[in-house]
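**Q** Need a 3D model of the sequence below.
(one chain, ligands or ions: 2)
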Amino acid sequence: MSRGDPAVPMAYSALSHLDCPRCGTRHDADRVQGTCACGSPLLARYDLRQVARQASPGDLAGRPADLWRYHELLPVREPGRVVSLGEGMTPLLALPAMGRALGVPNLLMKDEGQLPTGTFKARGAAVGVSRAAELGVTAIAMPTNGNAGAAWSAYAARAGLRSLIVMPEGAPGITRAACVAAGAELYLVDGLIGDAGRLVAEAVGRRPGYQNVTTLREPYRIEGKKTMGLEIAEQLGWRMPGVIVYPTGGGVGLIGIDKALRELLELGWVSGALPRLVAVQAAGCAPVVRAFQAGATESEPWPGAKTVAFGLTVPKALGDFLVLQALYATGGTAVAVMDEALLADQREVARLEGTFICPEGAACFAAVRQLRASGWLSEEDEVVVLNTGTGLIYPETIPARAPVLPSSGSIPALGRQGTVSLAAVADADHQDDELLVGDLVDDPIITDAQPVPVAVAGQFLDVGVRPSRIVPERREGPQDGHCRLLRDRPKLADGAFAPSERILHAPPRPVSSPKISATTSAML
Ligand SMILES: Cc1ncc(COP(=O)(O)O)c(C=O)c1O
Ligand SMILES: [Zn+2]
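**A** Ligands and ions are numbered 1, 2, ... in the order given. Predicted coordinates:
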């Protein structure tokens, strides 16, 4: 049958049914559904032959630049039921400077920070809320690490649904404001997302009309997140990259991207090998990494989960087995990164590329750094990193101290700033290219510096200007004194410390407080 055959009615969505990836049971997609009786999340399935009859990559090119351009592969049946704030088609940015710095010149970043509500959560919320409303749901309830709550309450407001949101007290403060602004019934819990989940489940049991839309407990959020994978393929000219690196909490985005690419393969819109998928977690909460390293099919709950990349604080995800399956099946891997390393790369991406990314996205760059150092990534690899949100949600990750000038004062003359400011942080990578701190501070261009030891994991030191500690507590970290020079700001001397990747070596001794030179203090 050819495309556009008049005998076959066109359908906005080719959704056919839901199926259980664990036990294979088929479920009706036109009723409100939660998980399978076996406890597994349900996955939406489409009549891909119908999709192929109705659409082609060429047709898609003429559609609006939002995620609804893939409507045949999305679950909303009636175009009039689409609830949109203009989400989708985020840029796939080449990052040449960061790529050079990491030794991965073909480095791209899908920048989800530009979506409504500032994170990729808008995709899941747009599709999930639209479909819930289409099926007659009048109120949604969910636990969240903050960003999903902000997104779902916004889309719920747009759809005229009530929303009940519960988030840990530690979730980013701005996401509370977003929920309140959207009219959500918001509660904070003195605990983690699992505790919020228990409260939500219990409340939904007592509230008729509320749907529990906890991650993977309803089947359509993943369909929204899937569109990241569809867009990446389309933006590459209907081609798949070699590697996709994803910051993994609940893992929905990674499962969604994998699902999207498999659907495109089946449609014949892309061909070749699936990208190797990389799940990135924070060292303070890395259940999937631990399971992957053990070759396990499921993760164990991570005790005492804590990371600055708050969205990754998921001690045990319902869909962990699907994440692990995707990693094993694509020849991918799982990587844990220290908070200090991801914070350092958050700054590095902003410094080199001008984009202020969220700490979850930054974790992916720290992971690329590790994977390149270990040889898992090569210089030839085309690597797509998902930056899942804007850094603006996490202002506390970058301490922005600046000199306050009296209104009658003046800006210091350039010559007055004859210092070089360097930031260093202990690095887990044991790289060869070492330089003694002594060498560094003796360098003639650092006119103002005191010898400053730098071998403290997580402590950033500005040599010669002012210390900036961006990680308040000392964390466990490499104690061998290997440090990576992260940032240099040669304000005067030409070519001084030009490469940002010079490696420092310092004796492994703790530092209480960095010294500041008299001149510098006077400047402050
Ligand atoms: C900014 C950000 N990135 C990544 C994640 C993890 O997402 P996923 O559940 O798809 O693993 C979250 C979850 O809260 C998040 O807020
Ligand atoms: Zn099942």
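**Q** Let me know the pLDDT of Ile446.
**A** Per-residue confidence (pLDDT) for Ile446: 31.
**Q** Once you drop chain neighbours, what's closest to Arg369?
**A** Excluding its sequence neighbours, the residue lying closest to Arg369 (C-beta to C-beta, 6 or more residues apart in numbering) is Leu102, at 5.6 Å. For glycine as for every other residue, the C-beta is placed from the backbone atoms N, C-alpha and C.
**Q** contacting residues around that neighbour?
**A** 365, 368-369, 372 (C-beta atoms under 8 Å, 6 or more residues apart in numbering).
**Q** mind putting those in TSV, pLDDT, secondary structure and distance to Tyr210 included?
**A** Below are these laid out as TSV (pLDDT from 0 to 100; DSSP: H, G, I helix; E, B strand; the rest coil; distance: C-beta to C-beta, whole Å):
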residue	pLDDT	secondary structure	distance to Tyr210
Phe365	98	helix	39
Val368	98	helix	41
Arg369	97	helix	44
Arg372	98	helix	47
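**Q** Show the buried residues in those residues.
**A** Listed as buried from the contacts of Leu102 are 365, 368-369, 372; burial here means 16 or more other C-beta atoms under 10 Å.
**Q** related to what we said a few turns ago, sort out which one of the contacts of Leu102 lies nearest ligand 2 for me.
**A** Val368 (35.8 Å; C-beta to the ion).
**Q** At the contact with ligand 1, which residues of the stretch 51-200 of the chain appear?
**A** 119, 145, 147-148 (C-beta under 6 Å from any ligand atom).
**Q** Using a markdown table, lay out the residues you listed together with secondary structure and distance to Val127.
**A** Below are these laid out as a markdown table (DSSP: H, G, I helix; E, B strand; the rest coil; distance: C-beta to C-beta, whole Å):
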| residue | secondary structure | distance to Val127 |
| --- | --- | --- |
| Thr119 | strand | 15 |
| Asn145 | coil | 19 |
| Asn147 | helix | 16 |
| Ala148 | helix | 13 |
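**Q** farthest pair in those?
**A** Largest separation among these by C-beta to C-beta: Thr119 and Asn145, giving 10.5 Å.
**Q** overlap in contacts of these two?
**A** Gly311.
**Q** Hmm, Val308 is touching Leu343, no?
**A** Yes. With contact defined as C-beta atoms under 8 Å, Val308 counts as touching Leu343 (6.6 Å).
**Q** Neighbour count: those two, which is higher?
**A** Under the neighbour definition other C-beta atoms under 10 Å, Val308 and Leu343 were set side by side, and Leu343 has more, 26 against 22.
**Q** From ligand 1, how far off is that one?
**A** 15 Å (C-beta to the nearest ligand atom, to the nearest Å).
**Q** That residue belongs to a helix?
**A** Yes. Per DSSP: H, G, I helix; E, B strand; the rest coil, Leu343 lies within a helix segment.
**Q** Number of residues surrounding the closest residue to Arg77 other than its chain neighbours?
**A** Nearest residue to Arg77, sequence neighbours excluded (C-beta to C-beta, 6+ apart): Ser13, at 4.9 Å. For Ser13, the neighbour count with other C-beta under 10 Å is 24.
**Q** same check, this time on Leu236
**A** 15.
**Q** wait, what's in contact with the spatially closest residue to it that is not a sequence neighbour?
**A** Leaving aside its sequence neighbours, Leu236 sits nearest to Leu92 (C-beta to C-beta, 6+ apart; 7.4 Å). Residues near Leu92 by C-beta under 8 Å, 6+ apart: 108-111, 231-232, 235-236, 384.
**Q** And Leu92, its phi and psi?
**A** Main-chain torsions, Leu92, degrees, to the nearest 10: phi -110, psi 100.
**Q** and the gap between it and Pro412?
**A** Using C-beta to C-beta, to the nearest Å, we find Leu92 at a distance of 41 Å from Pro412.
**Q** With Ala291 instead?
**A** Distance, Ala291 to Pro412, using C-beta to C-beta: 53 Å.
**Q** Those two: who's more crowded?
**A** Ala291 (21 against 11).
**Q** and that one, helix, strand or coil?
**A** The three-state label given to Ala291 by three-state DSSP is helix.
**Q** For the nearest residue to it once chain neighbours are set aside, the count of nearby residues, please.
**A** Among residues not flanking Ala291 along the chain, Ser299 sits closest, at 4.1 Å (C-beta to C-beta, 6+ apart). Neighbouring residues of Ser299 were enumerated by other C-beta under 10 Å; the total is 25.
**Q** Quick check on Ser299: phi, psi?
**A** Torsion angles, degrees, to the nearest 10, at Ser299: phi -100, psi 160.
**Q** Surely it touches Ala286?
**A** No. Ser299 is not in contact with Ala286 according to C-beta under 8 Å; the separation is 9.1 Å.
**Q** residue in this structure nearest to ligand 1?
**A** Residue of the chain nearest ligand 1, by C-beta to the nearest ligand atom: Gly311 (2.4 Å).
**Q** Confirm that Leu392 sits in a strand.
**A** No. The assignment for Leu392 (three-state DSSP) gives helix, which keeps it out of a strand.
**Q** count of neighbours near it?
**A** Leu392 has 12 nearby residues by other C-beta under 10 Å.
**Q** Distance of it relative to ligand 2?
**A** 40 Å (C-beta to the ion, to the nearest Å).
**Q** What score does that residue have for pLDDT?
**A** 97.
**Q** ok, now Leu414?
**A** 62.
**Q** Next: the one 3 residues further on.
**A** Among the per-residue scores, Gln417 holds a pLDDT of 38.
**Q** Secondary structure class of Val278, three-state.
**A** strand.
**Q** Any idea how far apart the tips of stretch 73-83 sit?
**A** One end of stretch 73-83 to the other measures 16 Å (C-alpha to C-alpha, to the nearest Å).
**Q** Isn't Thr297 up against Leu322?
**A** No. Checked against C-beta under 8 Å, the pair Thr297 and Leu322 is beyond contact range at 10.2 Å.
**Q** more neighbours, these two?
**A** Neighbours were counted for Thr297 and for Leu322 using other C-beta under 10 Å; Leu322 has more, 24 against 11.
**Q** hang on, the more buried one is in a helix, isn't it?
**A** Yes. According to three-state DSSP, the state of Leu322 is that of a helix.
**Q** and the gap between the closest residue in space to it that isn't next to it in sequence and ligand 2?
**A** Of all residues not flanking Leu322 in the chain, Ile255 sits nearest, at 4.7 Å (C-beta to C-beta, 6+ apart). Between Ile255 and ligand 2 the distance is 16 Å, computed by C-beta to the ion.
**Q** Measure how buried Met89 is and give me the count.
**A** For Met89, using other C-beta under 10 Å, the count is 17.
**Q** show me the residues around it that make contact.
**A** Neighbours of Met89 in contact, by C-beta under 8 Å, 6+ apart: 65-67, 69, 231.
**Q** of all the residues in the protein, which ones are close to ligand 2?
**A** 20, 22-23, 25, 36, 38, 40 (C-beta under 5 Å from the ion).
**Q** Please enumerate the helices of the stretch 101-250 of the chain.
**A** Here the stretch 101-250 of the chain has its helices, by DSSP state H, counting those that start in this stretch, at 121-134, 147-159, 173-181, 193-206, 221-235.
**Q** Other residues contacting the fourth one?
**A** With contact meaning C-beta under 8 Å, 6+ apart, helix 193-206 is reached by 141-145, 164, 166-168, 187, 189, 210-212, 214, 313-316.
**Q** if we go to 7 Å?
**A** Applying C-beta atoms under 7 Å, 6 or more residues apart in numbering, the contact partners of helix 193-206 are 141-143, 145, 164, 166-168, 189, 210, 212, 214, 313-316.
**Q** cool, the longest one as well?
**A** With C-beta under 7 Å, 6+ apart as the contact definition, helix 221-235 has outside contacts at 44, 60, 67, 70, 73-75, 88-89, 92, 110, 120, 123-128, 213, 215-216, 239-241, 252-253, 255-257, 259-261, 264, 270, 384, 386.
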